[in-house]
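Chemist: sequence plus the predicted model coming up.
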Amino acid sequence: MQKKQMGRTGIEVTELCLGTMTFGTQTSETEAHRQMDFALDFGINFVDTAEMYPVNPVSKETIGRTEDILGTWNAKNRTRRDAYVLATKHSGEGLGYVRNGAPISSKTIPETIEASLRRLQTDYIDLYQFHWPNRGSYMFRKNWTYDPSGQNKSETLAHMEDALEALQKQVDKGNIRYFGLSNESAWGTAQWLRLSEDRGWPRVATMQNEYSLLCRMYDTDLGELSVNEDVGLIAFSPLAAGLLTGKYQNGAVPDASRMSLNGDLGGRKTPRAFAAVEAYLQVAQKYEVDPVHMALAWCRTRPFMCSAIFGATTQDQLEHAVQSVNVTLSTECLKELDATHRAHPMPY
């Protein structure tokens, strides 16, 4: 399995990252532990979670449960903790289930990290990420009506300085090693980088944004920033919440699937999306490649890609998805994928 540098940290992570957001709802603790065992045995060395997980649905009662499940695995496998890179995230303003929706600040950072460490039953977090910006984000289909004119630049920059200084204290304590962002913009990331470099505080190592054959907003400004500033993309939803598997085509809604629990797939379920998926499925059929493997292998070709996060509700799904590392897409296939993107841009 190929590995990529995680920013300028000196750490290499595998091209696939095990996502855990279903651990505790769709995926039981026993099954989750099996997934951890299999993923590490297969060679994956990167695992991503968040304090707000699990999802499907997000609820007050389940906040932190995914970290708890990873914690019980860590407790049973102490000798394996150093064998993988563990990433988690700090929820931000607006999620009322966590700290009553408080924004990220120097006050919330220490208590949030300590809580994650307790749940994860570990002494350190390798990559600590802010789940979304305090000022808001154009991710999750908000790009269609995005308006940054209400932002207060001075308040945003003051918050960034406050947060970075607090993160430095956590690095000094050994609680976290590196810092990453999620659902950020090119301008926001540039400010984090500038302030950290000016003050010698933790530098952004990675960006966790949505990216797939169906969602390619990262391709331009953020892609340029990633390449020039060594801030690799950790792509979430590389299978477009399951759309790219083809399992939802022709009105199908498999039992216990994400669509059965989250009807519109977070705004991804549109007529244009199904038409785009059909076109990508035809490419997969033409080149005799599994559509899951095609979508994940394509991510590996992107110049700014650090790792692609994939989740699996079941062990069978996990064992199938990881075989994408054995697939290399031909030049002809890649050209047809580009042509399909031009024919079906931004389908949701």
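Modeler: Alright, I've got the coordinates.
Chemist: isn't S106 up against Q168?
Modeler: No: here S106 does not reach Q168: they are 10.5 Å apart, not a contact under C-beta atoms under 8 Å. (Each C-beta comes from the backbone N, C-alpha and C, glycine too.)
Chemist: OK, contacts around the residue lying closest to A321 once chain neighbours are set aside?
Modeler: The spatially closest residue to A321, leaving aside those adjacent along the chain, is F310, at 5.2 Å (C-beta to C-beta, 6 or more residues apart in numbering). Shown in contact with F310 (C-beta atoms under 8 Å, 6 or more residues apart in numbering): L16, C17, L18, G19, P238, L239, L296, A321.
Chemist: assign a three-state SS to the third one, would you?
Modeler: Three-state assignment for L18 (DSSP: H, G, I helix; E, B strand; the rest coil): strand.
Chemist: just list whatever residues bridge to it.
Modeler: Listed by DSSP bridges, the beta-bridge partners for L18 are V47, F310.
Chemist: quick one: contacts for it?
Modeler: Contacts for L18 were tallied using C-beta under 8 Å, 6+ apart; they are Q35, M36, A39, I44, F46, V47, D48, I309, F310, G311, L318.
Chemist: wait, doesn't T72 sit right on A32?
Modeler: No: counting by C-beta under 8 Å, no contact exists between T72 and A32, whose distance comes to 9.0 Å.
Chemist: between those two, who's got more neighbours?
Modeler: Each of T72 and A32 has its neighbours counted (other C-beta atoms under 10 Å); A32 has more, 22 against 15.
Chemist: right, and the more buried one touches G19 too?
Modeler: No: with contacts counted by C-beta under 8 Å, A32 stays clear of G19, the gap being 11.4 Å.
Chemist: tell me the secondary structure for V55?
Modeler: Counting by three-state DSSP, the backbone at V55 sits in coil.
Chemist: give me the most central residue, the chain.
Modeler: With distances taken as C-alpha atoms, centre = their mean, the residue of the chain nearest its centroid is F236 (3.6 Å).
Chemist: ok, that one - contacts?
Modeler: With contacts defined as C-beta under 8 Å, 6+ apart, F236 is in contact with G19, D48, S182, Q208, N209, E210, Y211, I309.
Chemist: that one - nearest residue in space that isn't next to it in sequence?
Modeler: With C-beta to C-beta, 6+ apart as the criterion, F236 has its nearest non-adjacent residue at 4.8 Å, and that residue is I309.
Chemist: next one: the one you found from L18, what distance?
Modeler: As defined by C-beta to C-beta, to the nearest Å, I309 lies at a distance of 8 Å from L18.
Chemist: re the thing from before, from the contacts of L18, pick the one nearest F140.
Modeler: Distances from F140 to these, taken as C-beta to C-beta, are shortest for I309 (15.7 Å).
Chemist: so for that closest one, what's the pLDDT?
Modeler: Here, the pLDDT recorded for I309 equals 98.
Chemist: try T270
Modeler: Looking at T270, its pLDDT stands at 96.
Chemist: please, where are all the helices along the stretch 201-348 of the chain?
Modeler: Remark: helices of the stretch 201-348 of the chain, listed N- to C-terminal, are 221-229, 258-261, 271-286, 291-300, 315-321, 331-343; assignment by DSSP state H, counting those that start in this stretch.
Chemist: against R272, how distant is the closest residue to C17 other than its chain neighbours?
Modeler: In space, not counting the residues next to it along the chain, C17 is nearest to F46; the distance is 4.0 Å by C-beta to C-beta, 6+ apart. Here the distance between F46 and R272 works out to 32 Å (C-beta to C-beta).
Chemist: compare the two and say which is more crowded by neighbours.
Modeler: Relative neighbour count places F46 above the other of F46 and R272, with 28 against 13, counting by other C-beta under 10 Å.
Chemist: wait, what's in contact with G266?
Modeler: By C-beta under 8 Å, 6+ apart, the contact set of G266 is F140, R141, A241.
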